[in-house]
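Undergrad: What follows is a predicted protein model with its sequence.
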Amino acid sequence: MLAILQFDSPSLGLLGRMLDAGRLPAVAALHDRGTWHELETPATHFAAGAFHTLYSGAEIAEHGLFYPFQWSAPEQRVRYMTAFGAPPPVWERLSQLGRNTLAIDPYESRPPDDAPAGVLVSGWQLRDRVVLQPWSSPPEAHGRLKRLFGPPVAVEEVFGRHCADELLGLRRRLLAAPGRVADAATLLLGEQSFDLAWLTFNAAHVAGHQFWDLSQLDADGLDDGARNVLGGALEEIYEAVDAAFARVLAALPQDADVIVVSPVGMDVNTSRADLLPEMLDAVLRGGARPVEATGSIWKLRAAIPTGLRAKVAGALPDRVALALTARLELRGMDWSATRAFAQPADNQGYVRLNLRGREREGIVEPADADALMNEIAEGLSGFRDLDGQPAVKSVDRVRDAFGDGAHADRLPDLIVRWSDRPATLLQGVRSERFGEVSRRGSASGRSGNHTDGDAWALVVPGASSIRDPGRPARLVDVAATAAALAGADTGEMAGEPLLQRT
């Protein structure tokens, strides 16, 4: 049996300090027995794209999924991610061989078309209509767990400024979440045998966004007690994940192989993605922006208080809320005059050309694409924070970084990688050529965000032995390992197994 414990999106630096301090004993014990790999990952440019790559073993240019709300060129609009086909996760490959999988809360996943062998549960430890929708296979599994352990709590992220009381409530929910994974896993592992157990501990991911620091909170509304409690929340939640690991490990067969993995890291929030639509507009118009600048959902978020938006969203059915969000992205764009636009993003910035022959209403001739990308990259690179420090680290061409693939056309054309400086309190950016762009509202309200890399895997052999892939380990190797140990043919997979049968 292979157990994959996904310690989702922790800070590698904080993890190391807590291991050194003896505060994560379960992970430390595995570390003493295992082999540590730093993983090459698409999170260098696409943080959210790492999840489909992790579960399927498909490269990002092959699946083209990198954000919950993506651009549909044939429709000239943004769609929620389920409008696009996804690569089958590795447990569906195993099911074809009659192998059973226990999967709990795979991030940004979707219900299978055909019920795979085993038990799959989503939206169990936490429920989020965007990235952790509630479903299960078989369908009754979710209800049974709910009856035994109680319902999952909603953790719906609403971009914008939050108050201390909101974060205190979030802390309580996140501290309980890892134990819910252990509750379900230990029950199900005791009832039947599985060839693969893939357990995703998402609380660390959410906590990293909200509890990296307290810069997103109004200092006047933060008393000493709340400051002390919230200031230690991230470390507490990492400890809760470790404690849940210990419970799961005790329930596994003694000869189980174990991989602890994280597909992307976490650090201070440096994103200026909310400023990109107007930065790009300024570059394309030579600084002469109209009074009504380009369509962007960030303007709406800034105009309506966070609490009110949360109440409105909470009153809507999930399907309606997702469709409405997609419709509001890039609303009101004049495509006949739009050469390029900023796609939805909350970390790196994504720019896509309105290309004739690719976009339904494209106006840029393919022969002019290179010159336009050069113009955009040069213009954006000149923006600086208001204190004069660079705002942009690089503007990269996606084709150069990721090449061709079956769904490379879903990816943006340019990725704006921001300066490493914290951006939570940033008020705007300025260019000598194109003028100043002021921040509207509080942007995402996150104090932490994903890093360019910091993906890793801790491979701990049980009945198997360590295998050298013959090159630096990559994120696609995790799914290849699960497939290989189950006896599946991995010849067409992009990854190499990190374990082999002895």
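TA: Cool, the structure landed.
Undergrad: From now on I want contacts and neighbour counts done on CA atoms only, so please keep to that.
TA: OK.
Undergrad: who touches the strand or helix carrying residue 261?
TA: Using DSSP states H and E, residue 261 sits within strand 257-262. Residues from elsewhere that reach strand 257-262 (C-alpha atoms under 8 Å, 6 or more residues apart in numbering): 1-10, 455-464.
Undergrad: element containing residue 55, please.
TA: helix 49-56.
Undergrad: relative orientation of that helix and strand 257-262 in degrees?
TA: Orientation check (axes from the mean of the first three to the mean of the last three C-alpha atoms, to 10 degrees): helix 49-56 against strand 257-262 gives 170 degrees.
Undergrad: after helix 49-56 comes which helix or strand?
TA: helix 60-63.
Undergrad: element containing residue 437?
TA: Going by DSSP H and E, residue 437 is part of strand 435-438.
Undergrad: Report the buried residues of that strand.
TA: The neighbour-count check on strand 435-438 (16 or more other C-alpha atoms under 10 Å) flags 435, 436, 437 as buried.
Undergrad: Can you report how many residues lie near residue 148?
TA: Number of residues near residue 148 (other C-alpha atoms under 10 Å) recorded here: 10.
Undergrad: now the one 3 residues further on
TA: A count of nearby residues for residue 151, using other C-alpha under 10 Å, gives 17.
Undergrad: any idea how far residue 152 lies from residue 122?
TA: 10 Å (C-alpha to C-alpha, to the nearest Å).
Undergrad: Neighbour count: these two, which is higher?
TA: Applying other C-alpha under 10 Å to residue 152 and residue 122 shows that residue 122 carries more neighbours, namely 26 against 20.
Undergrad: So that one is in contact with residue 104, correct?
TA: Yes: Residue 122 lies in contact with residue 104 (C-alpha atoms under 8 Å); the separation is 5.9 Å.
Undergrad: which helices and strands does the helix holding residue 55 pack with?
TA: Packed against helix 49-56 by the contact rule (3 or more C-alpha pairs under 8 Å, 6 or more residues apart in numbering; DSSP states H and E) you find helix 60-63, helix 476-485.
Undergrad: quick check, distance from that helix to the centre of its chain.
TA: 10 Å (C-alpha atoms, centre = their mean, to the nearest Å).
Undergrad: and it, C-alpha only, in PDB?
TA: Output of helix 49-56 as PDB, limited to C-alpha atoms (Å, rounded to 0.1, in the frame of the first residue of the first chain):
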ATOM      1  CA  GLY A  49      -1.800  24.600 -12.000                       C
ATOM      2  CA  ALA A  50       0.400  22.400  -9.700                       C
ATOM      3  CA  PHE A  51      -2.600  20.500  -8.300                       C
ATOM      4  CA  HIS A  52      -3.900  18.900 -11.500                       C
ATOM      5  CA  THR A  53      -0.300  18.100 -12.400                       C
ATOM      6  CA  LEU A  54       0.200  16.500  -8.900                       C
ATOM      7  CA  TYR A  55      -2.900  14.300  -9.100                       C
ATOM      8  CA  SER A  56      -2.700  13.300 -12.700                       C
END
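Undergrad: Okay, angle between it and helix 476-485 too, please.
TA: Using the same axes, to 10 degrees, helix 49-56 lies at 10 degrees relative to helix 476-485.
Undergrad: quick one: buried residues of the longest helix anywhere in the chain?
TA: Identified as the longest helix of the chain according to DSSP state H is helix 164-191. Buried residues in helix 164-191, counted by 16+ other C-alpha under 10 Å: 164, 167, 170-171, 173-186, 188-189.
Undergrad: just how off-centre is the helix or strand just after it within its chain?
TA: The C-terminal neighbour of helix 164-191 among helices and strands, as given by DSSP H and E, is strand 196-201. Averaging C-alpha positions (C-alpha atoms, centre = their mean) puts strand 196-201 17 Å from its chain's average.
Undergrad: What strands flank strand 196-201, and is each parallel or antiparallel?
TA: Using DSSP bridges, strand 196-201 pairs in its sheet with strand 2-7 (parallel), strand 101-104 (parallel).
Undergrad: Any idea which of these gets closest to residue 131?
TA: In terms of C-alpha to C-alpha, the element of the strands paired with strand 196-201 nearest to residue 131 is strand 101-104, at 13.3 Å.
Undergrad: Can you give the contact residues for the closest one?
TA: Strand 101-104 is contacted by residues 91, 94-95, 116-122, 124, 181, 185, 194-200 when judged by C-alpha under 8 Å, 6+ apart.
Undergrad: for the stretch 351-500 of the chain, what spans make up the strands?
TA: Using DSSP state E, counting those that start in this stretch, the strands of the stretch 351-500 of the chain run over 384-385, 392-397, 414-418, 428-431, 435-438, 448-450, 455-460, 464-466, 499-501.
Undergrad: Turn those strands into CSV, including mean pLDDT.
TA: Output for the strands of the stretch 351-500 of the chain, formatted as CSV (pLDDT from 0 to 100):
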stretch, mean pLDDT
strand 384-385, 98
strand 392-397, 96
strand 414-418, 97
strand 428-431, 97
strand 435-438, 95
strand 448-450, 96
strand 455-460, 98
strand 464-466, 98
strand 499-501, 96
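Undergrad: Between the ones you listed, which shows the greatest average number of neighbours?
TA: strand 448-450 (a mean of 27; mean count of other C-alpha atoms under 10 Å).
Undergrad: for that strand, packing partners?
TA: Packed next to strand 448-450, using 3+ C-alpha pairs under 8 Å, 6+ apart, are helix 203-211, strand 266-268.
Undergrad: List the contacts of stretch 3-15.
TA: Under C-alpha under 8 Å, 6+ apart, the answer for stretch 3-15 is 196-205, 208, 241, 245, 256-267, 450, 454.
Undergrad: rerun that using 6 Å as the cut-off
TA: 196-202, 204-205, 258-262, 264-267 (C-alpha atoms under 6 Å, 6 or more residues apart in numbering).
Undergrad: what's the average pLDDT for it?
TA: The average pLDDT for stretch 3-15 rounds to 97.
Undergrad: Show me what counts as buried in that stretch.
TA: 3, 4, 5, 6, 7, 8, 9, 10, 11, 12, 15.
Undergrad: what do you get for stretch 318-335?
TA: 321, 322, 326, 327, 328, 329, 330, 335.
Undergrad: In CSV, list the C-alpha atoms belonging to it.
TA: Only the C-alpha atoms of stretch 318-335 are listed here, as CSV (Å, rounded to 0.1, in the frame of the first residue of the first chain):
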residue,chain,number,x,y,z
ASP,A,318,-23.1,27.4,-5.6
ARG,A,319,-23.7,27.1,-9.3
VAL,A,320,-25.2,30.6,-9.6
ALA,A,321,-22.4,32.2,-7.5
LEU,A,322,-19.7,30.6,-9.7
ALA,A,323,-21.4,31.5,-12.9
LEU,A,324,-21.9,35.1,-11.7
THR,A,325,-18.2,35.5,-10.7
ALA,A,326,-17.1,34.2,-14.1
ARG,A,327,-19.5,36.6,-15.8
LEU,A,328,-18.2,39.6,-13.8
GLU,A,329,-14.6,38.9,-14.8
LEU,A,330,-13.6,41.1,-17.7
ARG,A,331,-17.2,42.5,-18.0
GLY,A,332,-17.8,45.4,-20.3
MET,A,333,-14.7,44.9,-22.5
ASP,A,334,-14.7,46.4,-25.9
TRP,A,335,-13.1,43.5,-27.8
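Undergrad: so how far is that stretch off the chain centroid?
TA: 20 Å.
Undergrad: Equivalent analysis for stretch 152-165, please.
TA: Here the centre of stretch 152-165 is set off from its chain's centre by 17 Å, with C-alpha atoms, centre = their mean.
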